[in-house]
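Asks: Pasted the sequence and its predicted model underneath.
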2 protein chains.
Amino acid sequence: MGQVRRFNRLVTRRIGVLDEEYLGRARPLGASRVLWEVSADGVDVRELRSRLGLDSGYLSRLLTRLGDEQLVALSPDKADNRVRRVRLTARGRREREALDSRSDELAASLLSPLSPGQRERLLSAMGQVSELLTAGLAELRAVDPADPAVQECWLAYFATLAERFDAGFDPEASRQVGLDEVRSPRGATIVAFLDGRPVGCGSVKHHGDWAEVKRVWVSPDARGLGLARRIMADLEARAQDAGALAVRLDTNRNLTEAIALYGALGYGEIPAYNDEPYAHHWFEKDLRPG
Amino acid sequence: MGQVRRFNRLVTRRIGVLDEEYLGRARPLGASRVLWEVSADGVDVRELRSRLGLDSGYLSRLLTRLGDEQLVALSPDKADNRVRRVRLTARGRREREALDSRSDELAASLLSPLSPGQRERLLSAMGQVSELLTAGLAELRAVDPADPAVQECWLAYFATLAERFDAGFDPEASRQVGLDEVRSPRGATIVAFLDGRPVGCGSVKHHGDWAEVKRVWVSPDARGLGLARRIMADLEARAQDAGALAVRLDTNRNLTEAIALYGALGYGEIPAYNDEPYAHHWFEKDLRPG
DNA sequence: CGAATCCTCTGACTAAAGTCAGAGGAATGG
DNA sequence: CCATTCCTCTGACTTTAGTCAGAGGATTCG
């Protein structure tokens, strides 16, 4: 705890203060933050509001001001005339590059007093901290399998399988998973969100005294954060709550990391319990305590 | 640079925001910061001002407010009736403990979603980052050897020697260093400051085409930050600017880390060039390029 | 001893950041 | 097609954080 406390104090002092100073180019910080979050292809005002956690009135005023300075342009959304989309103008993009380069100056000021060896160590430690704080930021939520977030994950999942399996992957040829089987009360589907973006998923199907884990997937850009482990643990807990004494799953021989993970989590190989054409291995984990 | 940028953004978002939220117990953040900096035995208002970088009027008002809430007490300084001392009341101390424990909650919220292995890695990476950012915070400044900061360092230095040398250490028995020898133009004395506190020192005496490094010391609580290296590099640069072609120094056989450092910096052992009774080794480094 | 300097405080401002209560147009569900 | 809900915006606030110019004692320097 002391370690974390010291880190927080130091970092808010050293970076927080400098950051404001550097990014504050004449413009209030709030406006700069907005500039950061507006991507080139535009964002909904609504999304901006939730991302930055700002009051609607306040954000509206900030945007008007950035609009007056011709840094952003506002236009009504095509699909829904109530919502407005914000996008950066050419001038806004230039301004953002300027912010970026100031941010680099800040980085340089942190690194410059250090020896090359120290710099390297600082960078690698910063990388670790970023990665692990990001991991902590990810949030698992149970959602309906018809939710767009789930559909998005499944499509990405199928694409991965098609790429990895020796014979490609055709969802039609595989054992189907009905939506009702992976939504309450017959099962559950969870999605891992990072910054509101779905980056992983997993489902469980209850079968009385055992349960089946299906479609566990983590986005490539969220690998290494331990999300797969968290998803598995969450699904197992749901299985147990539903009365399962064991969890089973099937997998393809090419998914070696997945197989390694199952082993690490205490799964043991068992004979085929279904006729999934793409599966080579079937695993089971005993959920009974002790 | 990208690495640092990502780190800054993540950390200010994740910690900065939470920090304010957690520490902002109903009281504005400025007031909380003041509460943090007031130690139990009291501080001068003047010092508080410089530590927090606040305007005198602003700080005065913050203190009145904390005084109204009976968290701090103000009393005139005994020695100088113009300055006022601030100290925490019993209630103020309780309030600060409450802040501490909120800070722990924040720490817990960062760690709780992680697996034990990840926690360990996060803590150690945070430690590295803290250490290296602290190292970057240290500032070397040339000061007059009569400056209290230098005297403080030298006393600590002598105490260390007395402890480490086989026969103890008596400054009277050692070769004397006159103040004039280590101040411009005959030499220089530099001090490393961390948060305004002196944590290391070093001096150089010019002797025409060579120079002598004396009294290089780093406070135990600032070890491992690479300060000794920075002090040595600074002194060598000053020697070179003054026309020296080589730098020499003497040292005691018990100061093994120092001896290792000299080796790493390119010093080589030479015959005794003086009659310092406490020295066992004499070193020299060629400053000529190439 | 008197002028200059120091230290803290008060009064009068300002800018930033944010809150709250609607107004008014657009979409939607029954 | 009408009531309800949504989404953004405007107006009228408040709090926080900070600046600046002195006032008014205390100390120090010549």
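Replies: Cool, the structure landed.
Asks: right, and the helix or strand after the longest strand seen in chain A?
Replies: Scanning chain A for the longest strand, with DSSP state E as the assignment, gives strand A:197-207. Using DSSP states H and E, the helix or strand that follows strand A:197-207 in sequence is strand A:210-218.
Asks: count of neighbours near the residue in the stretch 151-290 of chain A that chain B sits nearest to?
Replies: Closest to chain B within the stretch 151-290 of chain A is residue A:226: 5.7 Å, counting by C-beta to the nearest C-beta. C-beta: built from backbone N, CA, C; applies to glycine. Counted with other C-beta atoms under 10 Å in any protein chain shown, residues neighbouring residue A:226 total 21.
Asks: That one is in contact with residue A:135, isn't it?
Replies: Yes - contact between residue A:226 and residue A:135 holds when scored by C-beta atoms under 8 Å: they sit 5.7 Å apart.
Asks: Can you pull the residues that touch both of the two?
Replies: Listed as contacting both residue A:226 and residue A:135 by C-beta atoms under 8 Å, 6 or more residues apart in numbering or on different chains are B:114, B:118.
Asks: in the stretch 1-150 of chain A, which segments are predicted with low confidence?
Replies: Across the stretch 1-150 of chain A, the ranges flagged by pLDDT under 70 are A:1, A:16-26.
Asks: Phi and psi next, for the most centrally placed residue in chain A.
Replies: Note on chain A: the residue nearest the mean C-alpha position is residue A:194, at 3.1 Å, using C-alpha atoms, centre = their mean. Taking degrees, to the nearest 10, you get phi -130, psi 110 for the backbone angles of residue A:194.
Asks: Tell me how many other residues crowd the closest residue to it other than its chain neighbours.
Replies: Leaving aside its sequence neighbours, residue A:194 sits nearest to residue A:138 (C-beta to C-beta, 6 or more residues apart in numbering or on different chains; 4.8 Å). Residues lying near residue A:138 (other C-beta under 10 Å) number 21.
Asks: got the end-to-end distance for stretch A:251-258?
Replies: With C-alpha to C-alpha, to the nearest Å as the measure, stretch A:251-258 spans 8 Å from end to end.
Asks: contacting residues around stretch A:154-165?
Replies: Contacts for stretch A:154-165 (C-beta under 8 Å, 6+ apart): A:168, A:169, A:170, A:171, A:201, A:215, A:217, A:219, A:252, A:254, A:255, A:278.
Asks: ok, those vs residue A:54, which is closest?
Replies: residue A:219 (27.7 Å; C-beta to C-beta).
Asks: those strands in chain A, which residues are they?
Replies: Shown for chain A, the strands assigned by DSSP E span residues A:43-44, A:72-76, A:84-88, A:139-142, A:187-194, A:197-207, A:210-218, A:246-251, A:268-270, A:281-286.
Asks: Run the angle between the longest one and strand A:210-218 for me.
Replies: Right, strand A:197-207. 170 degrees (axes from the mean of the first three to the mean of the last three C-alpha atoms, to 10 degrees).
Asks: hang on, the earlier thing: can you tell me which member of the contacts of stretch A:154-165 has the lowest pLDDT score?
Replies: Among those, residue A:171 carries the weakest pLDDT, at 85.
Asks: Do me a favour and get the backbone dihedrals for that residue.
Replies: Torsion angles, degrees, to the nearest 10, at residue A:171: phi -50, psi -30.
Asks: Tell me the buried residues within the contacts of stretch A:154-165.
Replies: Buried subset of the contacts of stretch A:154-165 (neighbour count, 16 or more other C-beta atoms under 10 Å in any protein chain shown): A:169, A:201, A:215, A:217, A:219, A:252, A:255, A:278.
Asks: Which ones, among those residues, also lie beside DNA strand C?
Replies: Among the buried ones among the contacts of stretch A:154-165, not one lies near DNA strand C by C-beta under 7 Å from any atom of the strand.
Asks: And those residues, which two are furthest apart?
Replies: Maximum distance among these (C-beta to C-beta): 21.1 Å, for A:219 and A:278.
Asks: interface residues of chain A facing DNA strand D?
Replies: Residues of chain A lying near DNA strand D (C-beta under 7 Å from any atom of the strand): A:44-46, A:49, A:56-57, A:59-61, A:63-64, A:74, A:80, A:82-84.
Asks: What is the nearest of the residues you listed to DNA strand C?
Replies: DNA strand C lies nearest to residue A:57 out of the residues of chain A next to DNA strand D, by C-beta to the nearest atom of the strand, at 2.9 Å.
Asks: Residue A:89 is in contact with residue A:73, correct?
Replies: Yes - counting by C-beta under 8 Å, residue A:73 does reach residue A:89; the two are 5.4 Å apart.
Asks: Can you measure across stretch A:160-175, start residue to end residue?
Replies: Termini of stretch A:160-175 sit 17 Å apart (C-alpha to C-alpha).
Asks: What segments of chain A are helices?
Replies: A:2-11, A:17-23, A:29-37, A:45-52, A:56-68, A:90-111, A:116-137, A:148-164, A:227-241, A:256-264 (DSSP state H).
Asks: want to try CSV for those, with mean neighbour count as columns?
Replies: Output for the helices of chain A, formatted as CSV (neighbours: other C-beta atoms under 10 Å in any protein chain shown):
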stretch, mean neighbour count
helix A:2-11, 18
helix A:17-23, 16
helix A:29-37, 18
helix A:45-52, 15
helix A:56-68, 15
helix A:90-111, 16
helix A:116-137, 18
helix A:148-164, 16
helix A:227-241, 20
helix A:256-264, 14
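Asks: Which among these is found nearest to residue A:207?
Replies: Between the helices of chain A, helix A:227-241 lies closest to residue A:207; by C-beta to C-beta that is 9.6 Å.
Asks: which other residues reach the closest one?
Replies: Looking at helix A:227-241 with C-beta under 8 Å, 6+ apart, the contacting residues turn out to be A:135, A:138, A:140, A:142, A:188, A:190, A:192, A:199-204, A:206, A:211, A:213, A:216, A:218, A:247, A:258, A:261, A:265, A:285, A:287, B:113, B:115.
Asks: tell me the average confidence for it?
Replies: 95.
Asks: how long is stretch A:63-81 end to end?
Replies: So stretch A:63-81: terminal residues 18 Å apart, C-alpha to C-alpha.
Asks: Check whether it comes near DNA strand C.
Replies: Yes - contact of stretch A:63-81 with DNA strand C (C-beta under 7 Å from any atom of the strand) involves A:80, A:81.
Asks: From the chain's centroid, how far away is that stretch?
Replies: Centre-to-centre, stretch A:63-81 and its host chain are 28 Å apart (C-alpha atoms, centre = their mean, to the nearest Å).
Asks: Outside of it itself, list whatever touches it.
Replies: A:31, A:34-35, A:38, A:44-45, A:83-89, A:91-92, A:95.
Asks: Low-confidence ranges, the stretch 151-290 of chain A, go.
Replies: By pLDDT under 70, the stretch 151-290 of chain A has no low-scoring segment.
Asks: ok, which residues in it are in contact with chain B?
Replies: Contacts of the stretch 151-290 of chain A with chain B, taken as C-beta under 8 Å from any C-beta of the partner chain, map to A:226, A:229, A:230.
Asks: Make CSV out of those residues and add distance to residue B:125.
Replies: Converted to CSV, those look like this (distance: C-beta to C-beta, whole Å):
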residue, distance to residue B:125
A:226, 15
A:229, 19
A:230, 20
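Asks: Quick one: these as CSV, columns for distance to DNA strand C too.
Replies: Shown next, in CSV, are these (distance: C-beta to the nearest atom of the strand, whole Å):
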residue, distance to DNA strand C
A:226, 32
A:229, 35
A:230, 31
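Asks: circling back to that earlier point, partners of the longest strand of chain A in the sheet?
Replies: Using DSSP bridges, strand A:197-207 pairs in its sheet with strand A:187-194 (antiparallel), strand A:210-218 (antiparallel).
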